[in-house]
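>>> 3D, please:
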Amino acid sequence: MKATILRTLSIATLFAAQAAAQAGVVADHPGRWMGEITIPNGPVLKLGADLFSRADGSPWASMASPDQGQYDLPLKALTENGGSADLVLPFGVLALTWEGDHFKGMWKQGGESFPLTLRQVAEFPRQARPQTPQAPFPYTDETLAIAGGDGVKLGATLSVPKGVKRPPAVVLVHGSGPSTRDADIAGHQHFRVLADYLARHGIAVLRYDKRGNGRSSGDAHHQQAGR
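A predicted model of the protein is given here:
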């Protein structure tokens, strides 16, 4: 009996250690976080970080520069250490440290560092676009995780028209370069607009984040066109 109890405690301790290893500052504080950096002799720019779990369950993030019309900028790497995380892009690093109810940040680029405080927001600010889809929607959006042959899981959205039995379906395929399921370019969400139009006309639409972009796992910086 004693050996069984000790073995059970050992297993419980192992599971607790594995759960602790999976936890981190990104998993503990998901959502959109935004602050401002002041450029010496220059403008004040909003800088955002979106913290989330990818389609394979791993913690990840993307970045946004709303004043420059840039969203869902894919990371090159993410490193965590206790209550801190480094969001690494090809051209800079955002270092985050949790401070109780917000993040203390440091943007590092070109040998310079810019401090900022990031607080949670519901959405990053965007310029109003008249073509952006507006409710009510005569279709439902289903969030999917699509398994790839090489272990990558793609985050995707399937838009299904309401009241249409066995609708025809299309898949929106990307060209070269990084892109999410909305194909956001300078604040214009091309694939979201196209999916909305088709779904309103009775056609089901599948659109996905390219590998390493948005909620898809994999490396965004080593990919082929359309994947």
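
>>> what's the closest non-adjacent residue to residue 189?
residue 182 (4.1 Å; C-beta to C-beta, 6 or more residues apart in numbering). For the C-beta atoms, the positions are set from N, CA and C on the backbone; glycine is no exception.

>>> Neighbours of that neighbour, how many?
As a burial measure, residue 182 scores 21 neighbours (other C-beta atoms under 10 Å).

>>> Same question for residue 106.
When neighbours are counted by other C-beta under 10 Å, residue 106 comes out with 15.

>>> quick one: residue 178 and residue 216 touch, right?
No. At 10.6 Å, residue 178 and residue 216 do not qualify as touching, with contact defined as C-beta atoms under 8 Å.

>>> got any ranges where this protein has weak pLDDT?
Within the chain, the stretches falling below the threshold (pLDDT under 70) are 1-23, 221-227.

>>> quick one: the helices in it?
2-22, 25-28, 190-200 (DSSP state H).

>>> what does the domain assignment say about this protein?
In terms of domains, the chain is parsed into 18-121, 127-227 (source: automatic domain parsing).

>>> how far is the shortest one from where the chain is centred?
Averaging C-alpha coordinates over domain 127-227 and over its chain gives two centres that are 14 Å apart (C-alpha atoms, centre = their mean, to the nearest Å).

>>> ok, now the first one?
For domain 18-121, the separation from the chain centroid amounts to 11 Å (computed by C-alpha atoms, centre = their mean).

>>> Residue 90 against residue 76, yeah?
Yes. Using C-beta under 8 Å, residue 90 is in contact with residue 76, at 5.5 Å.

>>> the more surrounded of the two?
residue 76 (14 against 11).

>>> Give me the distance between the more buried one and residue 95.
Using C-beta to C-beta, to the nearest Å, we find residue 76 at a distance of 14 Å from residue 95.

>>> Give me the most central residue, this protein.
Computing the C-alpha centroid of the chain and ranking residues by C-alpha atoms, centre = their mean puts residue 214 first, at 4.0 Å.

>>> Show the contacting residues for that residue.
Contacts for residue 214 (C-beta atoms under 8 Å, 6 or more residues apart in numbering) come out as 62, 72, 74, 155, 180-181.

>>> Any chance of CSV for those, columns distance to residue 132 and neighbour count?
Output for the contacts of residue 214, formatted as CSV (distance: C-beta to C-beta, whole Å; neighbours: other C-beta atoms under 10 Å):
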residue, distance to residue 132, neighbour count
62, 19, 25
72, 15, 19
74, 22, 24
155, 21, 23
180, 15, 24
181, 15, 26
